[in-house]
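Peer 1: got a predicted structure plus its sequence, pasted below:
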Amino acid sequence: MRSILNSTSFSSIFPPLPNQVKDEKILYWLTITVSLLASLEFGQDYIKSVLNNSDYSLVQSLSYKLFWFVFIPFTFLLLRLQSKFNLNEGKKKILLKKFFLIILITLSHLLVFSLLLHIISFTINDQPWPLAILLTQKLSTRLYLGLSFYIIFSFIYHHFGQKTIKSIDQKSNLNTFRIKNGSKTTFIETQKINFIVSDGPYLEVSTLENKHVILDSLKNIIESLPENFKRIHKSTIVNTDQIESSKSRGNGDHDLFLKCGKTVRLSRNYAKPLKGILH
């Protein structure tokens, strides 16, 4: 399913979003979410008809589930319009604009949904459902669902988008590595680091010239290092550019021989990302 969705091109309808979150991933998770919600509501309708011993119209029930799938194009439209906002404006002003945009998108969603039901009703009923009544009904029963969905989705998109941007900014400005020891701060070239070893709450940063001890964790520090720094053991990070050769231990583990003359151990649990450089 994912491959089918990823192959679908929406660039002709919605220009690429100026954000690091890919359109294909948004489309995939949106489709999964609305399909799940539509299925749950469809099941609820069927159970309700059985319990009440009432007639059940499959076509009518399915047509009402279009409400959830209309979220897909309108969510892309919402994100596209939000990307036009001037980020230099104050946060309160941007939030106010987003709120009014979400209201407008929600109302447009309900209008389109009502119009679709009106058109479908010509094929399944002798008398079509009046558009005005449909719109009034949807405003009274679905408005809160639409607002809730768009508000939550907008918040999630913004949160993870900012997190991704922050991560990329960190990765792109890593020519130097800051080592703080008390009131003294030392800056070293990141690429001069050979490996980093954990010793309890402390880390030992090893360069060709010196060893520096800092208070930090491997899990935290690797987030601020370039891509060529890899975790090779629960207690070790290595600069892969410094690996000269490797030797298997026969149990999935390897010894990595560094250009500085040191040897570090690669655990089999961390070997997969380094498979291409092991020999």
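Peer 2: Received the coordinates, thanks.

Peer 1: residue nearest the middle of the chain, spatially speaking?
Peer 2: Residue closest to the mean C-alpha point of the chain, counted by CA atoms, centre = their mean, is residue 160 at 5.7 Å.

Peer 1: now that residue: which helix or strand?
Peer 2: helix 143-172 (DSSP states H and E).

Peer 1: for the helix or strand just after that helix, packing partners?
Peer 2: Downstream of helix 143-172, the first helix or strand assigned by DSSP H and E is strand 176-181. Packed against strand 176-181, as judged by 3 or more CB pairs under 8 Å, 6 or more residues apart in numbering; DSSP states H and E, are the following elements: strand 184-189, strand 211-215. For glycine as for every other residue, the C-beta is placed from the backbone atoms N, C-alpha and C.

Peer 1: turn these into JSON lines, including mean pLDDT, mean neighbour count and distance to residue 105.
Peer 2: Below are the helices and strands packed on strand 176-181 laid out as JSON lines (pLDDT from 0 to 100; neighbours: other CB atoms under 10 Å; distance: least, CB to CB, whole Å):
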{"stretch": "strand 184-189", "mean pLDDT": "80", "mean neighbour count": "11", "distance to residue 105": "48"}
{"stretch": "strand 211-215", "mean pLDDT": "87", "mean neighbour count": "13", "distance to residue 105": "48"}
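
Peer 1: residue 156 is nearest to which of those strands?
Peer 2: Closest to residue 156 of the helices and strands packed on strand 176-181 is strand 211-215 (CB to CB; 33.7 Å).

Peer 1: buried residues in the helix or strand just after the closest one?
Peer 2: Next in sequence after strand 211-215, counting helices and strands by DSSP H and E, comes helix 218-221. Using 16 or more other CB atoms under 10 Å as the burial criterion, the residues of helix 218-221 that qualify are 218, 221.
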